[in-house]
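K.L.:
Below are the sequence and a predicted model; questions follow.
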Amino acid sequence: MQLNVSVIPTYIEGSFQAFPKGARFPRRYPIRVRFGPPIAIADYQARQQDVSSRQLCREIVAEIRSTIEVLAAASLQGTGAAEPVTKSSPALMPR
């Protein structure tokens, strides 16, 4: 909470199938990454005078966890399909 940065909840789909527990090498399997909306920690810091740091951390973790659960449920239902990152994705283009 001291750095005052936003947290981006992220759900990674397919990683367990691509690299199952105990496997020596990963398998070919599509992996998709879903990003949730940023969670502003500054919103919680404003309440720091009223509640303990431990309680604030619990609330932040609960919000992150619930957002990831929504992303996972959307993934299982096949709604809002995430696009896999490819070499031509704008995020990977040189600047």
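P.N.:
Yes, it's here. Numbers count the residues shown, from 1 in each chain.
K.L.:
Could you use CA atoms for every contact and neighbour count after this?
P.N.:
Fine.
K.L.:
Could you give the average pLDDT over the lengthiest helix in the chain?
P.N.:
Of all segments of type helix in the chain, defined using DSSP state H, the longest is helix 53-77. For helix 53-77, mean pLDDT is 92.
K.L.:
now do stretch 6-16
P.N.:
So the average pLDDT for stretch 6-16 ends up being 93.
K.L.:
before we move on, the earlier item: list the buried residues of the longest helix of the chain.
P.N.:
Neighbour counts using 16 or more other C-alpha atoms under 10 Å place L56, I60, I64, T67, I68, L71, A72, S75 of helix 53-77 among the buried residues.
K.L.:
swap in stretch 17-34?
P.N.:
A18, I31, R32, V33, R34.
K.L.:
Dump it to PDB, restricted to CA.
P.N.:
What follows is stretch 17-34, C-alpha atoms only, in PDB (Å, rounded to 0.1, in the frame of the first residue of the first chain):
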ATOM      1  CA  GLN A  17      -2.900 -28.300 -18.900                       C
ATOM      2  CA  ALA A  18       0.200 -26.900 -20.600                       C
ATOM      3  CA  PHE A  19       2.500 -27.700 -17.700                       C
ATOM      4  CA  PRO A  20       0.800 -30.300 -15.400                       C
ATOM      5  CA  LYS A  21       2.100 -31.000 -11.900                       C
ATOM      6  CA  GLY A  22       5.000 -33.400 -12.100                       C
ATOM      7  CA  ALA A  23       5.700 -33.000 -15.800                       C
ATOM      8  CA  ARG A  24       9.300 -32.600 -16.800                       C
ATOM      9  CA  PHE A  25       8.400 -30.500 -19.900                       C
ATOM     10  CA  PRO A  26       5.500 -28.400 -20.900                       C
ATOM     11  CA  ARG A  27       2.900 -29.700 -23.400                       C
ATOM     12  CA  ARG A  28       1.500 -27.800 -26.400                       C
ATOM     13  CA  TYR A  29      -1.700 -26.300 -25.200                       C
ATOM     14  CA  PRO A  30      -3.300 -22.900 -25.800                       C
ATOM     15  CA  ILE A  31      -2.900 -20.400 -23.000                       C
ATOM     16  CA  ARG A  32      -5.100 -17.300 -22.700                       C
ATOM     17  CA  VAL A  33      -4.600 -14.400 -20.400                       C
ATOM     18  CA  ARG A  34      -7.500 -12.300 -19.100                       C
END
